[in-house]
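Asker: fold the following, please.
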Amino acid sequence: MTEASDVIVVGGGPSGCFTAMKLAELGIDVTVYEEHSKVGTPSHCAGHLSIRGLKRLGMWPLPTEIVENTFRGAAFYSPSGRRFSVRLTSPVTCAVDRSLFDQYLAEKTRKAGATYCLNSRVEHLILEDGTVRGVIVKRLGKTEKKKAKIVVDAEGISSRLLRETGLLGPDTHMMVNGVEAEVENVQDMESDMVEVFLGTDYAPSFYAWLIPKKNGKAKVGLAAKTGNPKQFLQKLMTENPVASGKLQNATIAQITVHPLTLGGPVHKAYSNGFLAVGDAASQVKSTTGGGIIFGMTCAAAAAQAACEAIQKKDFSSKSLSAYQRRCKEALGFDSKIMIRMRKTLDAMSDERLDSLIGLCAKLGLDKTLQKVEDVDFQGRTLLQVLRSPRILTAVGYFFLTYLFANL
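Answerer: Residues are numbered from 1 along each chain as shown. Here you go, the predicted structure:
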């Protein structure tokens, strides 16, 4: 068994890179193992991020070549085509090229002092007496054992390594299958607005999206709990009362399929000598499926907890439990609210979705929602806007729908 580093991070996505970056900045010897030949490939995400969230993480502004577009708001379409939109005075979100974003993160991490090993698949954890002592890595046809004081699992939604420790992975009952496509020749897009399409015929138990880029290009995708997401995407592009007008002549340049975890953070994301971050720990918004900001937020907490454990020379579960406490402080309230919102939306029929979108437009909620500043921590945002009687009316309808659907 060869010595590797103080901390091994498994996976070179945003959560893994950010964990390694923060550890390296703290002077910790850290190595990132990435199974692919290049960080950022293949891309499985639309890369729609909040600017406020990036600022909070110290990641804004981004280099101009990474940012594909910025957005002032969103338009929501009911199954029958009713529209409710919110437009703010300045950009609140951006679309990034995910490959370039990940590579930018990796370069910053390398400059901070971390080591990257590409084409290196971590096959298993090394477990001794219930403690993680390192990893077994397959690289260039050779299998090696690498020791570490702490292993950080940032491998993604499979959560293979987390399960090896005996911990429970993401809630499989709240997973959906997503499809993401790069399209060209899109018509009649509002360049500064993201468009969201609801309806069981196109995205059962989730929604579809259209994210404009430039020159008639866009990202279009959806997720569904049942059925074939590629078939739903084709149906969206050809039959949806609104989307088809924009996408009927569009051509797909690239398409990927990937699962999304919507069940909220796992109950326990730490063990002796082990931490899990990002999708591996289901640190994902249940409402939207977005996990980059949440994952990187928890990555910073993981780096802090790992650094403290190394300084104390105590890598026990008790020592590393500080990580879970910090994640709960950062995400706990908002995650609970977003899970409830997701379950409520899932319980709504197309007819009720039509009524809800119509109600939002009739009440003029766009004016109230123009004051929203944070689109990541939606529980806190809900408390902020609940001061409005109009919002209270819509929320009352929202939760009464959930109540009656589950009687």
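
Asker: which residue is the nearest non-sequential neighbour of residue 147?
Answerer: Distances taken as CB to CB, 6 or more residues apart in numbering place residue 134 nearest to residue 147, at 4.1 Å, with adjacent residues excluded. For every residue, glycine as well, the C-beta is placed using N, CA and C.

Asker: state the phi and psi torsions of the one you found.
Answerer: Note on residue 134: backbone dihedrals following degrees, to the nearest 10 are phi 160, psi -160.

Asker: show the contacting residues for it.
Answerer: Neighbour list for residue 134: 1, 4, 8, 125, 126, 145, 146, 147, 148, 151 [criterion: CB atoms under 8 Å, 6 or more residues apart in numbering].

Asker: one more: residue 219?
Answerer: 46, 47, 48, 95, 180, 181, 182, 183, 209, 210, 211, 213.

Asker: just among those residues, which is most surrounded?
Answerer: Within the contacts of residue 219, neighbour counts (other CB atoms under 10 Å) peak at residue 210, which reaches 27 neighbours.

Asker: I'd say it and residue 220 touch.
Answerer: Yes: proximity of residue 210 to residue 220 meets the contact threshold set by CB atoms under 8 Å, at 5.1 Å.

Asker: and for the two, which residues touch both?
Answerer: Taking CB under 8 Å, 6+ apart as the contact rule, residue 210 and residue 220 both touch 186, 243, 247.

Asker: and the closest residue to the first one other than its chain neighbours, how close does it get to residue 252?
Answerer: Spatially, and ignoring its direct neighbours in sequence, residue 186 is nearest to residue 218 (4.7 Å; CB to CB, 6+ apart). With the distance defined as CB to CB, to the nearest Å, residue 218 ends up 11 Å from residue 252.

Asker: show me whatever sits in contact with both of those two.
Answerer: Overlap of the contact sets of residue 218 and residue 252 (by CB under 8 Å, 6+ apart) consists of 182, 183.

Asker: who has more neighbours out of the two?
Answerer: The neighbour count for residue 218 versus residue 252, taken as other CB under 10 Å, is higher for residue 218 (27 against 15).

Asker: so what touches whatever helix or strand residue 144 lives in?
Answerer: Using DSSP states H and E, residue 144 sits within strand 142-153. With CB under 8 Å, 6+ apart as the contact definition, strand 142-153 has outside contacts at 1-11, 16, 19, 31, 123, 125-126, 132-137, 159, 161-162, 273-277, 280-281, 302, 306, 309-310, 315, 320.

Asker: now the helix or strand encompassing residue 309 and strand 142-153, what's the angle there?
Answerer: Element membership for residue 309, per DSSP H and E: helix 292-312. The directions of helix 292-312 and strand 142-153 differ by 100 degrees, with axes from the mean of the first three to the mean of the last three CA atoms, to 10 degrees as the criterion.

Asker: dump helix 292-312 to PDB, restricted to CA.
Answerer: Coordinates of each C-alpha in helix 292-312 appear next as PDB, following Å, rounded to 0.1, in the frame of the first residue of the first chain:
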ATOM      1  CA  ILE A 292     -24.100  22.600  -7.900                       C
ATOM      2  CA  ILE A 293     -24.600  25.500  -5.400                       C
ATOM      3  CA  PHE A 294     -25.800  23.200  -2.600                       C
ATOM      4  CA  GLY A 295     -23.000  20.700  -3.300                       C
ATOM      5  CA  MET A 296     -20.300  23.400  -3.300                       C
ATOM      6  CA  THR A 297     -21.700  24.900  -0.100                       C
ATOM      7  CA  CYS A 298     -21.400  21.500   1.600                       C
ATOM      8  CA  ALA A 299     -18.000  21.000   0.000                       C
ATOM      9  CA  ALA A 300     -16.700  24.000   1.900                       C
ATOM     10  CA  ALA A 301     -18.100  22.500   5.100                       C
ATOM     11  CA  ALA A 302     -16.400  19.200   4.300                       C
ATOM     12  CA  ALA A 303     -13.100  20.800   3.800                       C
ATOM     13  CA  GLN A 304     -13.400  22.700   7.100                       C
ATOM     14  CA  ALA A 305     -14.300  19.500   9.000                       C
ATOM     15  CA  ALA A 306     -11.600  17.500   7.400                       C
ATOM     16  CA  CYS A 307      -9.000  20.100   8.200                       C
ATOM     17  CA  GLU A 308     -10.000  20.200  11.800                       C
ATOM     18  CA  ALA A 309      -9.900  16.400  12.100                       C
ATOM     19  CA  ILE A 310      -6.400  16.400  10.600                       C
ATOM     20  CA  GLN A 311      -5.200  19.100  13.000                       C
ATOM     21  CA  LYS A 312      -6.600  17.000  16.000                       C
END
